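[1] sequence plus the predicted model coming up.
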Amino acid sequence: MRLSLSPLLAALAVLAATARPGCEPGSDPAGECQRLAAADSATCVDLQLRTCADAMYNRTAFPTPLQHRSREAVEFSSEYILLGVLHHLLEGQCNPDLRLLGCAVLVPRCEGGRTRRPCRHVCEGLREACLPAFDAIDMAWPYFLDCARYFARKEDGCYDPLEQLRGDLEVEEALPSGVPPTFIRFAHHSYTQMVRVLKRTAARCPQVAKTYSIGRSFDGKDLLVIEFSSRPGQHELLEPEVKLIGNIHGNEVAGREMLIYLAQYLCSEYLLGNLRIQRLLNTTRVHLLPSMNPDGYEVAAAEGAGYNGWTSGRQNAQNLDLNRNFPDLTSEYYRLTASRSLRGDHIPIPPHYWWGKVAPETKAIMKWVRSIPFVLSASLHGGDLVVSYPFDFSRHPLEEKMFSPTPDEKMFKLLSRAYADVHPMMMDRSENRCGGNFLQRGSIINGADWYSFTGGMSDFNYLHTNCFEITVELGCMKFPPEEALYGLWQHNKEPLLNFMEMVHRGIKGVVMDKFGKPVKNARILVKGIRHDISTAPDGDYWRLLPPGSYVVIAQAPGYSKVVKRVVIPLRMKRAGRVDFILQPLGTGPKKFLPAFRRTTSGSQDPLGGPRPWGETTELDLEPPGARRQPSAGGSKPWWWSYFTSLSPHRPRWLLKY
């Protein structure tokens, strides 16, 4: 599973074994090495270590806080070797933050004949965020990242070793003179340009926009989101949440650019008084992630538009296809629903999923959808011109093409048509055009009926959360030339807006007890549709439904169920309000809905089971030990063999037990 790491780690270990260790055994209780405080005054020398080459300084001093007295001693130390391979051991998590923090201790910053210590609060924040990643591989937190011992307080004149890492997010880029603030540059954007455009857009519309990062790519790039709502950064009661994601495949770049343009358009039109845009942003919380795979984009962009191959840059930096990297919950759904007494929603992630390679980009998306009660989503791709919807994995695994609908087939078709029916090229009657083979289907198709694959993001959204996600293929050119981008924007602007407005279809409401207290994680069931959704922490919910007559049921543990009949008129475009007041058991009917009870084959969700929306911390998606493979009692972790060549001073400080 991790054999691809062995050449790198073994080579580093053998190299280290040929040199005298730079850290001598000692009696320090924090580890096996003596650690002396670096002197304030020092002789500054050039920093010539490859692993630390991108630090925000280029001068260091010896001896170091770890008593390394030369560059060679640092280079062949187990601490330095660990920094070089953490990137792979932690599968991209906390990279390059941890490496730069470690460099600040191993080779301290030296200026004007004095050394400077890194800030303690930076270390403490990173330790809180990254410790679960170490727990997941059964590795102890490195002793040389002891925040109390090797780091200083702000009042002592410390510095932030990660300041430069965040620099791209803070840099403002002024527009050329004479260019109006509403100007949209219809061109390809590099990662830095994308970040600057999103930050500048949020700065222009601070009353309705803000940016935030949901995590890092394998190569350490922020997965930057721009959010629009009447109260940025907050979930408002009964305000539905929508997300649009582009560039999941690095060489499919049209979606990336469409979302960059959409962010600028929403800001400008809001400020200009566009009533439609103001209504959308005042009633909806919109999240745009233009690039889920910035590392793959760099590979594709290096070849350039018109020269990019069909697959160059498709995967992330780990060579993983991110749209095949999500848990296969669809197979579990088919197994569960084979029994009439079981339901197939909010399916937990199977423990064995964590034993394989899970991209940091994939983890970031899963944490994201667990922390926000998304209702509607679209993933923007390239390579054809069609809208597809779940399920993407065939009901029969051996069938490459097989119509495999969800219980919400009618709603998914309505969502897909909301995009396709207002897209001029998708409605073009020519069968010779891009996507012409889907013309007879109305340019929409069930994913598995097109081609079946497992581990897709749309199936995961539907089966693990409340979110309905479709996939939009924007055109046959994955990396279109720059001159084609304006036309693509004109074709997709109205479909994007129309699709986002669909989040207001169906019903919404609040579930509370008889005292008016919200009931979180209550289930909303629709009779005849075997797919439930759950309430957010404030007790609010949104249930996407096509026009029709329904029996809707609200139920929660400890309360009796409440049943209501709901009619959604054909032309109704705003969600109907349907509230529920639940009575505690003992004051009302005591009969639970049988379908509410379901089993999970005895397996425990590695995420800790279903959680209230908004209560998931950034790293609790993967709890300690989630990725750890079963091993014989008392045996060393799987990575220990790679460090055994560091004899006679093996890094036992990495062992937790």
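    It's in.

[2] per-residue pLDDT, residue 132?
    As predicted, residue 132 sits at a pLDDT of 83.

[3] swap that for residue 411, sorry
    Reported pLDDT for residue 411: 98.

[4] ok, the one 4 residues further on next?
    The predicted local confidence for residue 415 comes out at a pLDDT of 98.

[5] tell me the phi and psi of it?
    Dihedral pair for residue 415: phi -60, psi -40, per degrees, to the nearest 10.

[6] check contacts around it.
    By Cβ atoms under 8 Å, 6 or more residues apart in numbering, the residues touching residue 415 are 376, 389, 468, 470, 499, 502, 544. Any C-beta I mention is one placed from the backbone N, CA and C, and that applies to glycine too.

[7] output those in a markdown table, with neighbour count and pLDDT appended to each entry.
    Formatted as a markdown table, the contacts of residue 415 follow (neighbours: other Cβ atoms under 10 Å; pLDDT from 0 to 100):
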| residue | neighbour count | pLDDT |
| --- | --- | --- |
| 376 | 27 | 98 |
| 389 | 26 | 98 |
| 468 | 25 | 98 |
| 470 | 25 | 98 |
| 499 | 24 | 98 |
| 502 | 24 | 98 |
| 544 | 24 | 98 |
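
[8] closest one of the residues you listed to residue 515?
    residue 544 (29.6 Å; Cβ to Cβ).

[9] what about the residue lying closest to the closest one once chain neighbours are set aside, neighbour count?
    Nearest residue to residue 544, sequence neighbours excluded (Cβ to Cβ, 6 or more residues apart in numbering): residue 506, at 4.4 Å. Residues lying near residue 506 (other Cβ atoms under 10 Å) number 25.

[10] what of residue 127?
    17.

[11] so who does it touch?
    141, 145, 147.

[12] sorry, back to before: right, and the residue nearest to residue 544 touches residue 575 too?
    Yes - counting by Cβ atoms under 8 Å, residue 506 does reach residue 575; the two are 5.5 Å apart.

[13] pLDDT score assigned to residue 86?
    88.

[14] and it, how far is that from residue 94?
    8 Å (Cβ to Cβ, to the nearest Å).

[15] identify the contacts common to the two.
    Common neighbours of residue 86 and residue 94 (Cβ under 8 Å, 6+ apart) do not exist.

[16] next, residue 200: phi, psi?
    Torsion angles, degrees, to the nearest 10, at residue 200: phi -70, psi -40.

[17] looking at it now. What's its pLDDT?
    pLDDT at residue 200 comes out at 95.

[18] please, where are all the strands along the stretch 101-250 of the chain?
    Secondary structure of the stretch 101-250 of the chain (DSSP state E, counting those that start in this stretch): strands located at 109-111, 114-116, 209-216, 222-228, 241-246.

[19] identify each buried residue in the second one, please.
    The neighbour-count check on strand 114-116 (16 or more other Cβ atoms under 10 Å) flags 115, 116 as buried.

[20] pLDDT of it, averaged?
    When pLDDT is averaged along strand 114-116, the result is 92.

[21] and if you look at the third one?
    Strand 209-216 carries an average pLDDT of 95.

[22] quick one, helices of the stretch 351-500 of the chain?
    With DSSP state H, counting those that start in this stretch, the ranges of helices along the stretch 351-500 of the chain come out as 360-371, 409-420, 447-450, 457-464, 485-501.

[23] sorry, that was for the stretch 51-200 of the chain
    Under DSSP H, counting those that start in this stretch, the stretch 51-200 of the chain gives helices at 71-75, 78-89, 97-106, 120-136, 147-150, 167-170, 191-204.

[24] nearest to residue 160, out of those helices?
    helix 120-136 (5.4 Å).

[25] joint contacts of residue 506 and residue 575?
    Contacts common to residue 506 and residue 575, judged by Cβ under 8 Å, 6+ apart, are residue 542.

[26] could you list the low-pLDDT ranges of this structure?
    1-40, 166-181, 307-309, 340-341, 587-634, 645-648 (pLDDT under 70).

[27] buried stuff in stretch 572-592?
    575, 576, 578, 580, 582.

[28] quick one: contacts for the third one?
    So the one you mean is residue 578. Per Cβ under 8 Å, 6+ apart, neighbours of residue 578: 507, 508, 509, 552, 564, 566.

[29] buried subset of the residues you listed as a ChimeraX selection?
    With 16+ other Cβ under 10 Å as the criterion, this ChimeraX line picks the buried residues out of those:
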select :507,508,509,552,566
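
[30] farthest pair in the contacts of residue 578?
    Across those, the two lying at the largest distance from each other (Cβ to Cβ) are 508 and 564, at 13.3 Å.

[31] for residue 532, what are phi and psi?
    Torsion angles, degrees, to the nearest 10, at residue 532: phi -100, psi 160.

[32] and the gap between it and residue 186?
    Applying Cβ to Cβ to residue 532 and residue 186 gives a distance of 43 Å.

[33] for residue 349, same thing?
    40 Å.

[34] the more surrounded of the two?
    Using other Cβ under 10 Å as the criterion, residue 349 and residue 186 rank with residue 349 on top: 23 against 16.

[35] if we ignore the residues flanking it in sequence, what's nearest the more buried one?
    What sits nearest to residue 349 in space, not counting adjacent residues and going by Cβ to Cβ, 6+ apart, is residue 327, at 4.7 Å.

[36] the one you found reaches residue 455, doesn't it?
    Yes - the pair residue 327 / residue 455 is scored as a contact, 7.3 Å apart, by Cβ under 8 Å.

[37] my guess is residue 285 meets residue 238, correct?
    No - with contact defined as Cβ under 8 Å, residue 285 does not count as touching residue 238 (11.0 Å).

[38] who's more crowded, the two?
    Comparing residue 285 with residue 238 by neighbour count (other Cβ under 10 Å), the higher total belongs to residue 285, at 25 against 17.
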